[in-house]
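# task: produce atomic coordinates for the following.
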Amino acid sequence: MISFVMLAVMSCTNDKKEAPATDAAAANADNPAGLPYTASYSSDWGHDVSDADLKTVMQSYKDWADGNIKGLVAAMADTVDVDLTNGKSLHITRDSLMTMWGKSRDSLSSVVIDMATWHKMSTNDKKDHIVVTWYKETDTYKSGKADSAYYHDINMIKGGKIVWYSQYKRPIVK
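Modelled structure (predicted):
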């Protein structure tokens, strides 16, 4: 507030000197829209994600639906950061991930994924490649119980492998 008042006072004088640069002025150069927040990660996004990386991500969903855990895990890097829908975050090896997902998938008799859409995103400043997905998944357990939910996932790819997977779930209320 003081910086704003000083800037206003200085602009009202007849002196032709320019006001000194302030943090607020510098922030305005990076934020021409005057947004109330600045991005702590990046706000410089593009779409420079290869079709091969998109296919890796899409195939991982197909492998999950088909029960092909080896194929699913082949899409993952040696070590993966995973954010689960229950709020837990894991830094896990591909082998441990295969064991965890294998047990989970083995409890299901079928998985049907209705992939609503996806979006390829890349950070121009950090060169990170991300594919975000939105889909409905219907899981049928071996007991016969069916469960459906809407999901939004973030898949970060480096070197052709998924290195970070974050999943958000919205249950379908009947």
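# any idea of the mean pLDDT in stretch 76-92?
Taken as a whole, stretch 76-92 has a mean pLDDT of 97.
# correction: stretch 34-46
91.
# against Trp101, how distant is the most centrally placed residue in the chain?
The centre of the chain sits closest to Ile154, judged by C-alpha atoms, centre = their mean, with a distance of 3.0 Å. Going from Ile154 to Trp101 by C-beta to C-beta, to the nearest Å gives 17 Å. Placement of C-beta: from N, CA and C, glycine included.
# ok, now Met76?
Applying C-beta to C-beta to Met76 and Trp101 gives a distance of 10 Å.
# what about the two, which has more around it?
Counted by other C-beta atoms under 10 Å, Met76 and Trp101 do not tie: Met76 has more neighbours, with 21 against 17.
# select the longest strand from the chain.
In terms of residue count, the longest strand belonging to the chain (DSSP state E) is strand 108-123.
# which other helices and strands does the helix ranked longest in the chain contact?
Counting by DSSP state H, the longest helix found in the chain is helix 51-66. When contacts are defined as 3 or more C-beta pairs under 8 Å, 6 or more residues apart in numbering; DSSP states H and E, helix 51-66 packs onto helix 69-74, strand 108-123, strand 129-141, strand 146-158, strand 161-171.
# out of these, which gets nearest to Asp95?
helix 69-74 (8.1 Å; C-beta to C-beta).
# check which residues of the closest one are buried.
Under the neighbour-count criterion of 16 or more other C-beta atoms under 10 Å, helix 69-74 has 69, 72-73 buried.
# for stretch 46-54, same thing?
49, 53-54.
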